[in-house]
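A.B. asks: What follows is a protein structure lacking sequence information:
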């Protein structure tokens, strides 16, 4: 009986530790796992043994995005360990890497859409460019809020989670249905943000303002991107042809 009484508070403390100090590191690992697993489904055919040589930029794009995931994991680990000074020093390199990813991601999208050369690929540019712009907005907001840690860490989490739709979109259909693509991939992204909201409700008994603003804006952006991609509107396709140069 005494052992059971002692075990219950210990379990509560463990839950608090996971939801508190360990949460962002766990979410970094989840984001990395989603992207690694998703791309593992296509990396052989698209990068290692492609039937047709891929644009060279793709081989720069992949390691840069992996570097971002490693950086985010490192930064969350440094904060958990109380190494704030190291976190801030590495943050300068992180900002440079993050802002490099945006033009690199868009340039890669243009190269790959030009490589595939069909109307569906051109329309898909809405998803590709939208992901980079959404990531850029969240990253910029996070850097502007670096003096307010509670805002900064949540915005950095949102920025990284937004990248996971590329991983979810490559999951087998029995895990993430590809029907109405990319609706289910976006839903999975939103659920990750929902987990962060649930964490705040558990720890703080309220939802942080970052999520109150970020989630509706993310859903709005996802809806616009999906409509542009699915409808193949003449105006959108004309604009994409100009951007891609085909």
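C.D. replies: Nice, I can see it. Computed from a prediction, not measured in an experiment: that's the story for all the values here.

A.B. asks: Mind checking what helix or strand follows the least confident helix or strand in the chain by mean pLDDT in sequence?
C.D. replies: Lowest on mean pLDDT, DSSP states H and E among the helices and strands of the chain sits helix 2-19, with a mean of 49. Sequence-wise, the next helix or strand downstream of helix 2-19 (DSSP states H and E) is helix 23-40.

A.B. asks: quick one: the helix or strand following that next one to chain centroid distance?
C.D. replies: Using DSSP H and E, the helix or strand that follows helix 23-40 in sequence is helix 43. Chain-centre distance of helix 43: 18 Å, with CA atoms, centre = their mean, to the nearest Å.

A.B. asks: which residues does the spatially most central residue of the chain contact?
C.D. replies: Nearest to the geometric centre of the chain sits residue 163, at 2.3 Å (CA atoms, centre = their mean). Residue 163 makes contact with 31, 35, 65, 68, 131, 135, according to CB atoms under 8 Å, 6 or more residues apart in numbering. C-beta here means a position set from N, CA and C on the backbone, and glycine is covered the same way.

A.B. asks: from those, which is closest to residue 229?
C.D. replies: residue 131 (11.5 Å; CB to CB).

A.B. asks: can you tell me the helix or strand for the closest one?
C.D. replies: helix 125-144.

A.B. asks: roughly how far apart are the residue nearest to the centre of the chain and residue 70?
C.D. replies: Relative to residue 70, residue 163 is positioned 13 Å away (CB to CB, to the nearest Å).

A.B. asks: What is the neighbour count of residue 37?
C.D. replies: Residue 37 has 15 neighbours, counted by other CB atoms under 10 Å.

A.B. asks: State the distance from it to residue 48.
C.D. replies: Distance from residue 37 to residue 48, by CB to CB: 16 Å.

A.B. asks: what does residue 189 give?
C.D. replies: 27 Å.

A.B. asks: So which of the two has more stuff around it?
C.D. replies: Shown here are residue 189 and residue 48; by other CB under 10 Å, residue 189 has more neighbours (28 against 7).

A.B. asks: With adjacent residues omitted, what lies nearest to the more buried one?
C.D. replies: Ranked by CB to CB, 6 or more residues apart in numbering and with sequence neighbours excluded, the top spatial neighbour of residue 189 is residue 165, at 4.9 Å.

A.B. asks: give me the element the closest residue to residue 35 other than its chain neighbours is part of.
C.D. replies: Here the nearest residue to residue 35 in space, its sequence neighbours aside, is residue 167; by CB to CB, 6+ apart that works out to 3.8 Å. Using DSSP H and E, the element containing residue 167 is helix 165-168.

A.B. asks: what's the average pLDDT for that helix?
C.D. replies: Helix 165-168 comes out with an average pLDDT of 94.

A.B. asks: Figure out how far it is from the centre of its chain.
C.D. replies: Distance of helix 165-168 from its chain centroid, counting by CA atoms, centre = their mean, is 8 Å.
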